[in-house]
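[1] have a look at this fold, sequence not included:
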């Protein structure tokens, strides 16, 4: 049996300390790498969430008629001199259907027109139909047609809406629709 000398013991301890330090440094580098990756994911995720949030609907209840609820996505309201535009939702819960119309009101002509139509299955919010074919122009002041009276109420809502943080009539904040 060979007896170890002090130099051999110091060499073995130095190698052991070197291995120990390398393991600790590798662990520190791994932790730093994970922290950087996490920071990157949070930063990119924040930007994606902000981009998605800008496209989410912020639907507010306006009125109802004959089992149909009328809502406006307040993020889409655009009031100009003689034109008012907004996305208007008509929910027919009895038929499990929700319609989204891009609506443009012409104030000078007292009319409105649908610029596109999206139809969703209400309970799943699944888009079932989409059309970019504009409708004919409808008058919104004809009291004989109940739907037109509701559309006049939608117009009043769009013209008077001011974001104030009050979400009492807000129905689906942050809902994501295709």
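    Structure's in. What do you need? Since this is a predicted model, take the numbers as computed values, not measurements.

[2] buried residues of stretch 127-143, list them for me.
    138, 140 (16 or more other Cβ atoms under 10 Å). Heads up, the C-betas are built off the backbone N, CA and C, glycines and all.

[3] touching it from outside, list them.
    105-106, 109-121, 148-149, 151-152, 155, 177-178 (Cβ atoms under 8 Å, 6 or more residues apart in numbering).

[4] wait, residue 84 sits on residue 107?
    Yes. Counting by Cβ atoms under 8 Å, residue 84 does reach residue 107; the two are 6.9 Å apart.

[5] looking at those two, which one has more neighbours?
    residue 84 (20 against 16; other Cβ atoms under 10 Å).

[6] and the more buried one, that one's in a helix?
    No. Secondary structure assignment places residue 84 outside any helix; it is strand (DSSP: H, G, I helix; E, B strand; the rest coil).

[7] is it bridged to anything, and to what?
    For residue 84, the beta-bridge partners are residue 79, residue 105 (DSSP bridges).

[8] where does the residue nearest to residue 57 when sequence neighbours are not counted fall, secondary structure wise?
    Nearest non-adjacent residue to residue 57, counting by Cβ to Cβ, 6 or more residues apart in numbering: residue 73, 4.5 Å away. Assigning secondary structure by DSSP states H and E places residue 73 in strand 68-79.

[9] so how far is the first residue of stretch 112-130 from its last?
    19 Å (Cα to Cα, to the nearest Å).

[10] hmm, back to that, so the residue nearest to residue 57 sits right up against residue 86, yeah?
    Yes. Residue 73 lies in contact with residue 86 (Cβ under 8 Å); the separation is 6.8 Å.

[11] contact partners for residue 108?
    residue 82.

[12] helix, strand or coil: sort out it for me.
    Assignment for residue 108 (three-state DSSP): coil.

[13] against residue 133, how distant is residue 97?
    With distances taken as Cβ to Cβ, to the nearest Å, residue 97 is found 19 Å from residue 133.

[14] neighbour-wise, which of residue 73 and residue 86 wins?
    residue 86 (23 against 19).

[15] tell me where the chain has helices.
    Along the chain, the stretches classed as helices by DSSP state H are 6-55, 146-160.

[16] which helices and strands does the shortest one pack with?
    Okay, so that is helix 146-160. Judged by 3 or more Cβ pairs under 8 Å, 6 or more residues apart in numbering; DSSP states H and E, helix 146-160 is in contact with strand 59-65, strand 68-79, strand 83-92, strand 97-106, strand 138-139.

[17] pLDDT below threshold where in the protein?
    1-5, 8, 15, 17, 20-55, 142-147, 165-178 (pLDDT under 70).

[18] the same query, at a cut-off of 50, please.
    27-28, 30-52 (pLDDT under 50).

[19] that concludes my questions; thank you for your assistance.
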